[in-house]
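Enquirer: just coords:
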């Protein structure tokens, strides 16, 4: 990336809050990440980490009663949060695309696939009927749907999950957006289909130079396609690094704990137990003081309840929010992950 | 190791979801709309129930020195052509009308939900028979049936008390049945079989409490429809007979003097509207509770 | 692991679902092959053993699991629990057999009755089967929750106030409350976050050790089975294509389909070498 070019997407200090009967609750507390043109960035986190909210903030699709209360979202240098309705609509139609987890409810069941595609093309690109139809067939072929002429006449329920997701990708990329937001696109699909969809995303990324922000809870998915990874927990980004680095040299206890708790085929037949992260994710109405992970952290020390969450660079493109490094023997012996081989 | 961890978790009301659900009793959990609606209905029901105690005058207390007088301190809704206090009449009418409305709405709800739940759960022949009966009842021209019953038993509220329930249960049965068809595939229902529970326990203890909500929402609408039915019949002279105070007949009586003694028809009419608003708010409020809290 | 007669024995079990026929086919009286979800399956499960049942969606593993407890009636075959024929049992005998084989379902959001508190759901299970200790409601519920490492404080909560992991634990507690000898976990951890999944897998291992309960663990993720199963059976289109010790099946697969399945599984590059 040459100096002076604004990154494709830059999020800084993002905070998303909800007004609930229990008071104001923050789903995202302070998140920042960057996606450069042509890059695939993974956003990993578990339920309640805030990753979906962060992703939706890019398009300002936070449902009421949620609100973005702090931070900035910049797309190619433009301030997304300050966009006015018309500009925002253009932005959503042409610059950014989004695909969701559930391909079943994203498509209208009473309209044929062809109709749904051509509708988008005509509305967003102003194409005429015949042009839009032709373009729709091209798009279906681009996403790997064989015999598009015939298949386009089907209804969504006649397509398998994998094919529906391909149609979603076709819809989302129809106007050649420069950034694609993929929110758990493969979670509802089985393993082989998952691999195909991820390959498709990688292909589109390479052919068109389209940047991708891939949100997932599955490290396997992340490993397959991402260049860089950001790990989210409790509304904060706790670590960010290039993909190989995050697997081989994680510098945050949560990342380490998460990676260690991934089941492995190699464990077959061995009497080992998966190491687990003790405890449960934080209650969003009562965040822990200081480091958000500290109540569950095996390496926590005095003072961890007083730190401010902030990413500290520890290597090229590698930042971590944990000030307690290098990790020596765990401070809390009863929390030692059983079966750990490091 | 893990035992200690989890036993020491905080008693968080919202667990790990952002949509922290409200704790506390069912009343507090209702949204504002529902509370206002319920409040309005409660006031009206109580007004009717306590009519003999709170009505300033009798429902047929004649006073020919004071006919057609407008609303005043001593006659809140004014008086009619025979000097009767319209407010008191309205209260007694509420007592009659709302009483009948409750009788023709809720017993059919109970019967209908039970029949629909059983039919939906068992499926097969039982369901097929019940479904056909229900469809027939619903297809019946409702008003025609009620008027036919009135033709047989004579005018008065008896006709409504008999005629309406014959058909009303079917609507609830259809609602409960279609919900049951979906509900019985839910995993907690499958679990009742796996756990070895009897089918009756599965239906009544597990399914029905989950089926009630839609029927209760629908019943708020049904109450209004039934009230209007009563009032319409009385207006036509087929329902409650004079001198019993009934909202419809009060309004009918006031029709001829609508321009001069507007209060006779209008104020009781507003009470009917108020009932409709209260029921509507309550129904909306309860149904929104289902969707509230979901992010999208 | 105890030797001797198997706890669960199934032989030649099949289950087909009739394909819908078009009007033309009906008129022509064409024979359509029923879709065989479970095709002539046999296997055994010993006391205290954890048997993994793997397969992709459509392989029939869930249908097989449901046939075993007769949530779905198999078309043919033998299902025996501890020597007693499951398929012929009726009424009270069936209820008692069911009590001994409990199922934990996949979806934490629908496997508990939303209108019942945790305590009520657990206590009901104990009461219906007149389990010892169920007369004392609070104690019974507390012990049930402790068995799955949950605080007794949760007894008053409703499912919507609990996280996915907690709900699954409650579902397990409810199943254990009736004192089963066999647990069938039907994709019981598939809908959970990775770290929560790890906790639940360890819980299953704990339960096997403490209660000597056998577990039939149905899952589509091979790695999950690798972590808990003693033996593994691979299903494809209703048939078992390979079965054996977990280490052998995953380490040295014989069947082509097993090999393909293993190859397709995404493996993140992990810090710990195998």
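Expert: Alright, I've got the coordinates. As the structure is a computational prediction, the values presented were derived from the model and not from experiment.
Enquirer: Is residue A:182 in a helix, a strand, or coil?
Expert: Following DSSP: H, G, I helix; E, B strand; the rest coil, residue A:182 is assigned to strand.
Enquirer: Tell me how many other residues surround residue B:165.
Expert: Residue B:165: 16 surrounding residues under other C-beta atoms under 10 Å in any protein chain shown. Where you see a C-beta, it was placed from the backbone N, CA and C, and this is true even at glycine.
Enquirer: thought it was touching residue B:105?
Expert: No. Counting by C-beta atoms under 8 Å, residue B:105 is not a contact partner of residue B:165; they are 9.1 Å apart.
Enquirer: hey, which helix or strand in the chain has the poorest pLDDT?
Expert: No chain was given, so I picked chain A. helix A:103-106 (a mean of 74; mean pLDDT, DSSP states H and E).
Enquirer: My question was about chain C, not that one.
Expert: Sorting the helices and strands of chain C by mean pLDDT, DSSP H and E puts helix C:23-27 at the bottom, at a mean of 63.
Enquirer: Tell me the helix or strand right after that one.
Expert: strand C:35-45 (DSSP states H and E).
Enquirer: Not counting its own residues, what contacts that next one?
Expert: Outside strand C:35-45, the residues that touch it by C-beta atoms under 8 Å, 6 or more residues apart in numbering or on different chains are C:6-19, C:51, C:60, C:63-64, C:67, C:74, C:77, C:182, C:214, C:216, C:233, C:235, C:237-240, C:243.
Enquirer: Quickly run through the sheet partners of the helix or strand following it, with directions.
Expert: As assigned by DSSP H and E, the chain's next helix or strand after strand C:35-45 is strand C:50-54. Using DSSP bridges, the strands paired with strand C:50-54 are strand C:214-219 (parallel), strand C:231-236 (parallel).
Enquirer: and those as a markdown table, adding mean pLDDT and mean neighbour count?
Expert: Output for the strands paired with strand C:50-54, formatted as a markdown table (pLDDT from 0 to 100; neighbours: other C-beta atoms under 10 Å in any protein chain shown):
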| stretch | mean pLDDT | mean neighbour count |
| --- | --- | --- |
| strand C:214-219 | 95 | 26 |
| strand C:231-236 | 95 | 25 |
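Enquirer: so which of the ones you listed gets nearest residue C:128?
Expert: The closest of the strands paired with strand C:50-54 to residue C:128 is strand C:214-219. By C-beta to C-beta, the value is 22.6 Å.
Enquirer: how far off strand C:35-45 does the closest one point, in degrees?
Expert: Angular relation of strand C:214-219 and strand C:35-45 on a 0 to 180 degree scale: 140 degrees, by axes from the mean of the first three to the mean of the last three C-alpha atoms, to 10 degrees.
Enquirer: re earlier: for residue A:276, find the nearest of the strands paired with strand C:50-54.
Expert: Nearest of the strands paired with strand C:50-54 to residue A:276, taken as C-beta to C-beta: strand C:214-219 at 17.8 Å.
Enquirer: circling back: quick check: next helix or strand after the least confident helix or strand of chain A?
Expert: Following helix A:103-106 in sequence, per DSSP H and E, is helix A:113-125.
Enquirer: so after that following helix, what's the next helix or strand?
Expert: Next in sequence after helix A:113-125, counting helices and strands by DSSP H and E, comes helix A:129-142.
Enquirer: Point out the residues in the stretch 51-200 of chain C that sit beside chain B.
Expert: Residues of the stretch 51-200 of chain C lying close to chain B by C-beta under 8 Å from any C-beta of the partner chain are C:69, C:71, C:94-96, C:98-99, C:102-103, C:105-107, C:110-116, C:124-125, C:128-129, C:146, C:149-151, C:153, C:160-163, C:166, C:171, C:174-175, C:178, C:199.
Enquirer: Give me the neighbour count for residue B:110.
Expert: Residues lying near residue B:110 (other C-beta under 10 Å) number 14.
Enquirer: Please apply the same query to residue A:77.
Expert: Neighbour count of residue A:77, defined by other C-beta under 10 Å: 10.
Enquirer: Which residues are in contact with it?
Expert: Counting by C-beta under 8 Å, 6+ apart, residue A:77 touches residue A:6.
Enquirer: Likewise for residue C:210?
Expert: Contacts here follow C-beta under 8 Å, 6+ apart; on that basis residue C:210 touches residue C:147.
Enquirer: for residue C:253, same thing?
Expert: Counting by C-beta under 8 Å, 6+ apart, residue C:253 makes contact with C:242, C:259, C:262.
Enquirer: mind checking how far residue A:114 is from residue A:148?
Expert: 9 Å (C-beta to C-beta, to the nearest Å).
Enquirer: most centrally placed residue in chain A?
Expert: Geometric centre of chain A, nearest residue: residue A:215, 1.7 Å, by C-alpha atoms, centre = their mean.
Enquirer: Over to that one. Which of the three states is it?
Expert: Counting by three-state DSSP, the backbone at residue A:215 sits in strand.
Enquirer: try residue B:101
Expert: In three-state terms, and counting by three-state DSSP, residue B:101 is helix.
Enquirer: confidence score at the residue nearest to the centre of chain A?
Expert: Residue A:215 is assigned 95 on the pLDDT scale.
Enquirer: cool, residue A:83 as well?
Expert: Looking at residue A:83, its pLDDT reads 92.
Enquirer: How about it, nearest residue that isn't a chain neighbour?
Expert: Leaving aside its chain neighbours, residue A:83 sits nearest to residue A:91 (6.1 Å; criterion: C-beta to C-beta, 6 or more residues apart in numbering or on different chains).
Enquirer: Can you report how many residues neighbour the closest residue to residue C:231 other than its chain neighbours?
Expert: Spatial nearest neighbour of residue C:231, excluding adjacent residues (C-beta to C-beta, 6+ apart): residue C:51 at 5.1 Å. Look at residue C:51: counted by other C-beta under 10 Å, it has 23 neighbours.
Enquirer: what about residue C:51, distance to residue A:270?
Expert: The gap separating residue C:51 from residue A:270 is 17 Å, by C-beta to C-beta.
Enquirer: same deal with residue A:114?
Expert: Distance check for residue A:114 against residue A:270: by C-beta to C-beta, it reads 53 Å.
Enquirer: The two - which one has more neighbours?
Expert: Neighbours per residue (other C-beta under 10 Å) separate residue A:114 from residue A:270, with residue A:114 holding more: 19 against 14.
Enquirer: I would like the residues contacting stretch C:192-204, please.
Expert: By C-beta under 8 Å, 6+ apart, the surrounding residues in contact with stretch C:192-204 are A:46-47, A:217-219, A:257-258, A:261-263, A:273-277, B:2, C:50, C:108, C:148-149, C:163-165, C:168-169, C:172, C:183, C:185, C:188-189, C:215, C:217, C:224, C:227-228.
Enquirer: Can you report how many residues neighbour the closest residue to chain A within chain C?
Expert: Nearest residue of chain C to chain A: residue C:247, at 2.1 Å (C-beta to the nearest C-beta). Neighbour count of residue C:247, defined by other C-beta under 10 Å: 18.
Enquirer: Ignoring the adjacent residues along the chain, who's closest to it?
Expert: Residue C:247 sits nearest to residue A:269 (C-beta to C-beta, 6+ apart), 2.1 Å away.
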